[in-house]
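# Turn this into a structure:
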Amino acid sequence: MNHIELAKKYFKQKYHCSQAVLAAFAEELGLTEEQALKLGGCFGGGMCKGEVCGACTGALMALGLKFGQSDIEDMESRKKTNDVTVEFLELFKQENGSYMCRELLGCDLATDEGKKYAMEKQLFVEFCPKMVESAAMITEKLIDS
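Numbers count the residues shown, from 1 in each chain. Below you'll find the model as predicted:
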């Protein structure tokens, strides 16, 4: 199963978008499935506030594991991480119109009205899987480049 299929599988099992994307890349990046699911657990729905899409934050965590700075002297990896972050967000926005959850969904999940709207419109079932797929696809391309 490839990363995209795996991310979609996790999301279909009702994990948050952030968990689904991060967990799809976890094993090859040195995390267990459990660690990835726990780490990504607080980022779904734009951190429950409609901020940056959870699929994007899951992807950025995966990219950080791949390229991130762990040595204070390693300024090259810091630059690489910053560059890949900007590139990911630009690509996601080009493909989807935004990387902000509330803009993508057309509602604010920080409000009861927004949550109700998202549920009534079945956005988590109909729309969000496309964001998970998009984030996983872009992440895969950036990791492989």
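# State the distance from the spatially most central residue of the chain to I143.
If you average the C-alpha coordinates of the chain and look for the closest C-alpha using Cα atoms, centre = their mean, you land on A55, 2.2 Å from that point. Per Cβ to Cβ, to the nearest Å, A55 is found 15 Å from I143. In short, each C-beta sits where N, CA and C put it, glycine included.
# Could you double-check that the residue nearest to the centre of the chain sits in contact with M131?
Yes: because the distance of 4.5 Å satisfies Cβ atoms under 8 Å, A55 is recorded as touching M131.
# ok so, going back, give the full set of residues in contact with the residue nearest to the centre of the chain.
Taking Cβ atoms under 8 Å, 6 or more residues apart in numbering, we find A55 in contact with 17-18, 20-21, 128, 131-132, 134-136.
# repeat for S98
Going by Cβ under 8 Å, 6+ apart, the list of residues near S98 reads 53, 104.
# Let's see that with 7 Å instead.
Residues in contact with S98 (Cβ atoms under 7 Å, 6 or more residues apart in numbering) are L104.
# Can you classify it as helix, strand or coil?
State at S98, reduced to three classes by DSSP: H, G, I helix; E, B strand; the rest coil: coil.
# what's it sitting at in phi/psi?
The phi and psi torsions at S98 (degrees, to the nearest 10) take the values phi -170, psi 170.
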